[in-house]
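1. Below is the structure, and that's it, no one-letter string:
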């Protein structure tokens, strides 16, 4: 008949082993979760109508980050020193594969397909985003 | 796309149930070990007794754990029916911690001085109550936006609760106890500060999500250094609110709470603005003010406790062979708690003595403030690393839920709530290991204490509700 203290030793070791097995189980579930997620989507803005702008040209391309701010000010991701762009003009965000455009504080406004982007507006690839009189096409 | 009834077996929360299996086994085994240890201590058995069936504890002793297991399975079933898309890992993680907490409460209760034999059953009841509160939170939070809309009402409630405890503190006039924001209802006591934390996060999240753009304001330039500075008129009210609440907390000796609130504030500023410079600035202000406070305020008796608390950190425990008499007196009186705690941690070694087989009750207040050292003695370093890993995983899930939601308020709320967890756990574990003065904050899920359990399960409830709503929104958008 095995002794009690041997049994207790087994129990103690078993606790540690089970604890780490549980952690492993959770971590495996997490990695499986992460692999199922879609990869980060890259996007660009292409100038399709430069309007009265003197700074931009037709066909200029700008790379979009997961969160991009556009404006004349120095803290913006995309700096456009153009008279028609305000200091902090617009913000474009990628969330779970979708692009959202929002006006920050601009004199000439931000529009997605002619719709003003007061709150965040969904923009699909191919949509035209207007910063004032300058039109960009969203491309992925 | 027409709605079709999906196969309920497919949407069942199998992952969660699967993750529950090992925790249940762990809890059952540890309870058996506890009961055996009790039998050994009472002399009925000793280490050399043989392992036969008549020596084993009866099933009756396992009732607390079986009760826990059943309640969690019921919660799992409930969630599968009504909220199948919520995060499936938070509950097993929190459940394992709560289970270990109940076991420790059961274990330390009878050995305390004075003994508290019902501590374990009370902790068990609190866990069940907390699970009910968890369900209530998930169910009634139909629209997390409500929290945002009614946040000022919540703030008023929170402040009222706090005022009650401040008044209570002055009534009792016992400024030596580390926490006295307690409301007592007969045998049960409640700590309103636990809920105030949640309310403050909600208020901060609401404030910061509405003014996302006030951070992109002005700048200070020093040559090549561009330091973004928020607009003063917008930061003003927030800073005043913060300052007043911190002064109140320091006044009623809630050092831990003040640190926690300030830490949450810094975290949320960073999360809301993305600018690390604000955090650095905040930390600098904190360093300057705490130094000023430490030197200046030690002249004010009301704040002198801060200096005393910090004394324990500088005390050299390891070099005990060269202690002076003054050191020894300190170790027996003011420093008793932390010295015993460190000794407990070191005697635990890597594997620990085994639950029920050590002497954690040599450490004063081991059931709540010093629970980490008690666990260290019985579960060892390996057990402690495992527990820290569980906390880290909870933090990971919380932040992941925050990252995945689209709504800024939800994001800030989830991230802020997770940050409460992070800072709290960090402060307490650091305090238990003498890196930091003891603060009276409870270790989430493990510490004996009802309000901490309730508040933490409310946090988990809010997080899971947010994750459920996000998953639903993503499915809707995906099918458009």
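-> Arrived safely, thanks for sending. For clarity, every value in this text was computed on a predicted model and none was experimentally measured. Numbering: from 1, shown residues only, chains lettered A, B, ... in the order given.
2. Correct me if wrong: residue B:192 contacts residue B:164.
-> Yes: using Cβ atoms under 8 Å, residue B:192 is in contact with residue B:164, at 7.0 Å. C-betas here are computed from N, CA, C, even on glycine.
3. quick one: which of these two has more around it?
-> Applying other Cβ atoms under 10 Å in any protein chain shown to residue B:192 and residue B:164 shows that residue B:192 carries more neighbours, namely 23 against 14.
4. Name the nearest residue to the more buried one, sequence neighbours excluded.
-> Nearest residue to residue B:192, sequence neighbours excluded (Cβ to Cβ, 6 or more residues apart in numbering or on different chains): residue B:161, at 3.5 Å.
5. The one you found: which element?
-> helix B:151-172 (DSSP states H and E).
6. what is the mean pLDDT for that helix?
-> Across helix B:151-172, pLDDT averages out at 72.
7. swap in stretch A:112-129?
-> Throughout stretch A:112-129, pLDDT has a mean value of 81.
8. Please apply the same query to stretch A:66-82.
-> Stretch A:66-82 shows a mean pLDDT of 79 in the predicted model.
9. how about it, does it reach chain B?
-> Yes: Stretch A:66-82 comes into contact with chain B (Cβ under 8 Å from any Cβ of the partner chain), by way of A:69, A:73, A:74, A:75.
10. Please identify the buried residues of that stretch?
-> Neighbour counts over stretch A:66-82 (16 or more other Cβ atoms under 10 Å in any protein chain shown) mark A:68, A:69, A:70, A:71, A:72, A:73, A:75, A:76, A:78, A:80, A:82 as buried.
11. In contact with residue A:45, which residues are there?
-> Going by Cβ atoms under 8 Å, 6 or more residues apart in numbering or on different chains, residue A:45 touches A:61, A:62, A:64, A:78, A:92, A:129, A:136, A:137, A:138, A:139.
12. Which secondary structure state is assigned to the second one?
-> Secondary structure state of residue A:62, per DSSP: H, G, I helix; E, B strand; the rest coil, is strand.
13. wouldn't it be in contact with residue A:79 here?
-> No: applying Cβ under 8 Å as the test, residue A:62 and residue A:79 come out as separate, 9.9 Å apart.
14. before we move on, the earlier item: just the buried residues of stretch A:66-82 now: which is nearest chain B?
-> Using Cβ to the nearest Cβ, residue A:75 comes nearest to chain B of these, at 6.2 Å.
15. Quick check: phi and psi on the closest one?
-> Residue A:75 has phi and psi values of phi -90, psi 0 when expressed as degrees, to the nearest 10.
16. other SSEs contacting the helix or strand residue B:200 falls within?
-> Using DSSP H and E, residue B:200 sits within helix B:192-210. Helices and strands touching helix B:192-210, by 3 or more Cβ pairs under 8 Å, 6 or more residues apart in numbering or on different chains; DSSP states H and E, are helix B:145-149, helix B:151-172, helix B:255-273, helix B:408-432, helix B:450-478.
17. okay if I get the ones you listed as JSON lines plus distance to residue B:373?
-> Converted to JSON lines, the helices and strands packed on helix B:192-210 look like this (distance: least, Cβ to Cβ, whole Å):
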{"stretch": "helix B:145-149", "distance to residue B:373": "36"}
{"stretch": "helix B:151-172", "distance to residue B:373": "27"}
{"stretch": "helix B:255-273", "distance to residue B:373": "17"}
{"stretch": "helix B:408-432", "distance to residue B:373": "5"}
{"stretch": "helix B:450-478", "distance to residue B:373": "18"}
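18. so which of these comes closest to residue A:119?
-> Evaluated with Cβ to Cβ, the helices and strands packed on helix B:192-210 place helix B:408-432 nearest to residue A:119, the distance being 10.6 Å.
19. neighbours around residue B:142, how many?
-> With other Cβ under 10 Å as criterion, residue B:142 counts 10.
20. With residue B:158 as the reference, measure out to it.
-> As judged by Cβ to Cβ, to the nearest Å, residue B:142 and residue B:158 stand 22 Å apart.
21. Quick check: longest helix in chain B by residues?
-> Counting by DSSP state H, the longest helix found in chain B is helix B:371-404.
22. list the buried ones in it?
-> B:371-387, B:389-391, B:393-402, B:404.
23. One more: stretch A:79-98?
-> Neighbour counts using 16+ other Cβ under 10 Å place A:80, A:82, A:84-86, A:88-96 of stretch A:79-98 among the buried residues.
24. for stretch B:317-332, same thing?
-> Neighbour counts over stretch B:317-332 (16+ other Cβ under 10 Å) mark B:317, B:327, B:330, B:331 as buried.
25. Could you restrict these to the ones contacting chain A?
-> Within the buried residues of stretch B:317-332, nothing lies near chain A by Cβ under 8 Å from any Cβ.
26. Please enumerate the helices of chain A.
-> Secondary structure of chain A (DSSP H): helices at A:4-35.
27. Now stretch B:322-337: average pLDDT?
-> Averaged across stretch B:322-337, pLDDT comes to 75.
28. Of the contacts of residue A:45, which is the most crowded?
-> Using other Cβ under 10 Å as the neighbour test, the contacts of residue A:45 are led by residue A:92, with 28 neighbours.
29. List the residues that contact the closest residue to that residue other than its chain neighbours.
-> Spatially, and ignoring its direct neighbours in sequence, residue A:92 is nearest to residue A:68 (4.7 Å; Cβ to Cβ, 6+ apart). Residue A:68 sits next to A:77, A:78, A:91, A:92, A:93 when contact means Cβ under 8 Å, 6+ apart.
30. how close does residue A:68 get to residue A:108?
-> When Cβ to Cβ is the yardstick, residue A:68 and residue A:108 sit 18 Å from each other.
31. Okay, buried residues for stretch B:34-42 please.
-> B:34, B:35, B:36, B:37, B:38, B:39, B:40.
32. if we take the residues you listed, which one ends up nearest to chain A?
-> Chain A lies nearest to residue B:36 out of the buried residues of stretch B:34-42, by Cβ to the nearest Cβ, at 6.5 Å.
33. helix/strand/coil for that closest one?
-> Per three-state DSSP, residue B:36 ends up helix.
34. What distance do you get for it to residue B:356?
-> As judged by Cβ to Cβ, residue B:36 and residue B:356 stand 7 Å apart.
35. Same check on residue B:148?
-> Taken as Cβ to Cβ, the span from residue B:148 to residue B:356 is 47 Å.
36. Which one of those two is surrounded by more residues?
-> Shown here are residue B:148 and residue B:356; by other Cβ under 10 Å, residue B:356 has more neighbours (27 against 20).
37. now residue A:91: how far from residue A:119?
-> Residue A:91 sits 11 Å away from residue A:119, going by Cβ to Cβ.
38. Residues that sit against both of these two, list them.
-> Common neighbours of residue A:91 and residue A:119 (criterion: Cβ under 8 Å, 6+ apart): residue A:102.
39. Enumerate the residues of chain A near chain B.
-> Residues of chain A lying near chain B by Cβ under 8 Å from any Cβ: A:1-8, A:11-16, A:18-23, A:25-27, A:29-30, A:69, A:73-75, A:88, A:95-96, A:98, A:100, A:104-105.
40. Please, a PyMOL command that selects the buried ones among those residues?
-> In PyMOL, this line selects whichever of those come out buried by 16+ other Cβ under 10 Å:
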select buried, chain A and resi 4+5+7+8+11+12+15+16+18+19+20+22+23+25+26+29+69+73+75+88+95+96+100+104
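41. Endpoint to endpoint, stretch A:75-87 covers what distance?
-> End-to-end distance for stretch A:75-87: 9 Å, by Cα to Cα, to the nearest Å.
42. picking up where we left off before, pick out the most distant pair among the residues of stretch A:66-82 next to chain B.
-> Greatest spacing in those, by Cβ to Cβ: A:69 and A:74 (11.1 Å).
43. Residue B:10: neighbour count?
-> There are 8 residues near residue B:10, going by other Cβ under 10 Å.
44. Against residue B:92, how distant is it?
-> For residue B:10, the distance to residue B:92 (Cβ to Cβ) stands at 20 Å.
45. Next: residue B:146.
-> Separation of residue B:146 from residue B:92 (Cβ to Cβ) stands at 28 Å.
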